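Asks: sequence and predicted structure, then a few things I'm wondering about:
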Amino acid sequence: MVHYHRYYQLKKFAELDEESHALVLECPNHGYFKRTRPKLLSLLFLSLLSCSLVLAPQFFDFPSTFSLFYSSGADNEALLPNLDLSSRLCSSISNGSICCDRSSIRSDICFMKGNIRTHSSSASIIVYNSRPCNQAKEEIEKIKPYTRKWETSVMNTIGELNLISKKGKSLDDVHSCDLSHDVPAVFFSTGGYTGNVYHEFNDGILPLYITSQHFNKKVVFVILEYHNWWVSKYGDILSHLSDYPPIDFNNDPKTYCFSEVIVGLRIHDELTINPSLMVGNKSLIDFRDLLNRAYWPRIRGLIKDEERLNQRVILNPSKPKMVILSRNGSRSITNEDQLVKMGEEMGFQVTVLRPDRSMELAKTYRELNLSDVMVGVHGAAMTHFLFLKPGSVFIQVIPLGTEWAAEAYYGEPSRKLGLKYMGYKILPRESSLYENYDRNDPVLSDPDSVTKKGWEFTKKIYLDGQNVRLDLNRFRKRLVRAYYYSISKKGRSRRQLQ
């Protein structure tokens, strides 16, 4: 549960005032490099910029796209206008340019346009320009294309890219292309916390969708910290975002050429998409539709295999299906067998699912896509709520000391997917910690005071040191609500089909 670390670091940024975030956009093609607050130097700079806009056409043959902020040139709008509405400050750039938006505390994102070439041995992406000789010939931006910018420890493990704008006098000054693409490229890293399903979706797959879906698959993915297993695991999704095989940037020595490049990914919030920041108001439901298209071809293959082997299980359409996501180790439900029995006695068709790294995602998706109710204890596996159909029930069992994270990481996002979310906060007596601490100990009586001490305390006590034994009489109330909600929904669906 490494994503818990976010709370203790990210809340520090929330305390910063507006002034401390001012002018973090950097556009080096205009000769402005240093991030400053909008005081005297900024006013002088704006005055000089205004004068240059007036006088520049008289001295130089600048294109009409001289300013990123005021450009209306049509040829500069191919890359960015549909990215998301938060990228307006970099919505138009001229050839040979780099523009970096560093305004988010979650991730940096840079844009390049023109004659662009990769140089993996120096971890560089170079765009060649034809600026007048009195302008700087070479400008450099550095970026680590991973979406946990505020978390220094993990960002130290991410490779840094050099984005270079330099003058190319002739073709002799430019290293030749091994492969040219006439579609944009998106550079990102699959390092960091990759290997944890929450982070794989939150830090990678969802931001990749946010950043690239508007290209309608006409985009190339260039990956740092490339993992074959990751590409294989998420290949079904990648093939619905790009028509091109991904490139292993660190280990591919070839020179790839592009005319437009995005370096880094946009991220909106925990496991979510903000429609107001997406052209066309794309939402988490649209992302879920993409998952459906991605996995159904494989699911149809699984069904055919089962039919051939006479192994297919036919569900009773009148009985709601409940999937229990089972955990091994910490935060497991120690009376899980009794929970299964109770669910079956109530009328559910119950399946216990134990997803792990080796389990094919299409199989997990199939089970949850067919379910009416998903039950599980707070943890990374709750990310699979993304596989539920809108209108399904999601019951998250919330151990002591995990209330804030349970709501922020899974409760709130699941509602945005249109799920019926029910959080079940356990009582101290339902926690294994009840046997190890005095009843008046803050660990049991005031978990918030313990978690405020820091990540180390939260992890040791509440994440790694706690199991759950459900009070089945108490939990039964949640299942009864879920059962009748599901029955009612099935009835409405049948009536609509008649």
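Replies: Okay, I see it. Numbering: from 1, shown residues only.
Asks: poorly predicted segments of the protein, please.
Replies: Scanning the chain for pLDDT under 70 picks out the ranges 1-89, 132-137, 169-174, 493-498.
Asks: repeat that with 50
Replies: Residues of the chain meeting the criterion pLDDT under 50: 11-78, 80-86.
Asks: so in it, which strand runs the longest?
Replies: strand 109-119 (DSSP state E).
Asks: flag every buried residue along that strand.
Replies: For strand 109-119, burial by neighbour count (16 or more other Cβ atoms under 10 Å) applies to 109-118. Placement of C-beta: from N, CA and C, glycine included.
Asks: can you redo those residues as CSV with distance to K460?
Replies: Listed next are the buried residues of strand 109-119 as CSV, based on distance: Cβ to Cβ, whole Å:
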residue, distance to K460
I109, 36
C110, 39
F111, 43
M112, 45
K113, 49
G114, 52
N115, 54
I116, 48
R117, 49
T118, 44
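Asks: show me which pair in the residues you listed is furthest apart.
Replies: Using Cβ to Cβ, the buried residues of strand 109-119 reach their maximum pairwise distance at I109 and N115, which is 21.1 Å.
Asks: which SS class is Y437?
Replies: coil (DSSP: H, G, I helix; E, B strand; the rest coil).
Asks: my bad, should have said I237
Replies: Going by three-state DSSP: I237 is helix.
Asks: mind listing what it touches?
Replies: Residues in contact with I237 (Cβ atoms under 8 Å, 6 or more residues apart in numbering) are 205, 290-291, 294.
Asks: related to what we said a few turns ago, partners of the longest strand of the chain, with directions?
Replies: Using DSSP bridges, the strands paired with strand 109-119 in its sheet are strand 97-101 (antiparallel), strand 124-129 (antiparallel), strand 256-263 (antiparallel).
Asks: just to revisit the earlier point, out of the contacts of I237, which is nearest to D269?
Replies: Comparing the contacts of I237 against D269 with Cβ to Cβ places I205 closest, at 14.6 Å.
Asks: quick one, phi psi at that closest one?
Replies: The phi/psi pair for I205 (degrees, to the nearest 10) reads phi -60, psi -50.
Asks: got the contact list for it?
Replies: Counting by Cβ under 8 Å, 6+ apart, I205 touches 234, 237.
Asks: report the separation between it and W229.
Replies: 15 Å (Cβ to Cβ, to the nearest Å).
Asks: now E307
Replies: Distance of E307 to W229, given as Cβ to Cβ: 30 Å.
Asks: next: G264.
Replies: 23 Å.
Asks: of those two, who's got more company?
Replies: It is G264, of G264 and W229, that has more neighbours when counted by other Cβ atoms under 10 Å, with 27 against 12.
Asks: close enough to count as contact, that one and I109?
Replies: Yes. Between G264 and I109 there is a contact at 3.9 Å, judged by Cβ atoms under 8 Å.
Asks: please enumerate the strands of the stretch 51-200 of the chain.
Replies: 97-101, 109-119, 124-129, 138-143, 161-167, 179-180, 185-189 (DSSP state E, counting those that start in this stretch).
Asks: how about those in TSV, adding distance to I223?
Replies: Formatted as TSV, those follow (distance: least, Cβ to Cβ, whole Å):
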stretch	distance to I223
strand 97-101	20
strand 109-119	12
strand 124-129	14
strand 138-143	15
strand 161-167	12
strand 179-180	16
strand 185-189	7
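Asks: nearest to I426, of those strands?
Replies: Per Cβ to Cβ, nearest to I426 of the strands of the stretch 51-200 of the chain: strand 185-189, 37.0 Å.
Asks: not counting the closest one itself, show me its contacts.
Replies: The contact list for strand 185-189 (Cβ under 8 Å, 6+ apart) reads 125, 144-146, 158-159, 161, 204, 207-208, 211-212, 219-225, 249, 256, 258, 260-265.
Asks: let's see it at 7 Å
Replies: Under the contact criterion Cβ atoms under 7 Å, 6 or more residues apart in numbering, strand 185-189 has outside partners 145-146, 158-159, 161, 208, 211-212, 219-225, 249, 258, 261-265.
Asks: and the residues you listed, which are buried?
Replies: Buried members of these, scored by 16+ other Cβ under 10 Å, are 145-146, 158, 161, 208, 211-212, 219-225, 249, 258, 261-265.
Asks: helices - which of those land there?
Replies: 208, 211-212 (DSSP state H).
Asks: nearest to I303, of those?
Replies: L208 (28.7 Å).
Asks: excluding its backbone neighbours, what's nearest the closest one?
Replies: Distance criterion Cβ to Cβ, 6 or more residues apart in numbering; nearest residue to L208, sequence neighbours excluded, is L265 at 5.9 Å.
Asks: quick one: contacts for that neighbour?
Replies: 107, 109, 145, 147, 188, 207-208, 211.
Asks: quick check on R327: phi, psi?
Replies: The phi and psi values for R327, taken as degrees, to the nearest 10, are phi -110, psi 150.
Asks: quick check: it touching V377?
Replies: Yes. Here R327 reaches V377: they are 5.8 Å apart, a contact under Cβ atoms under 7 Å.
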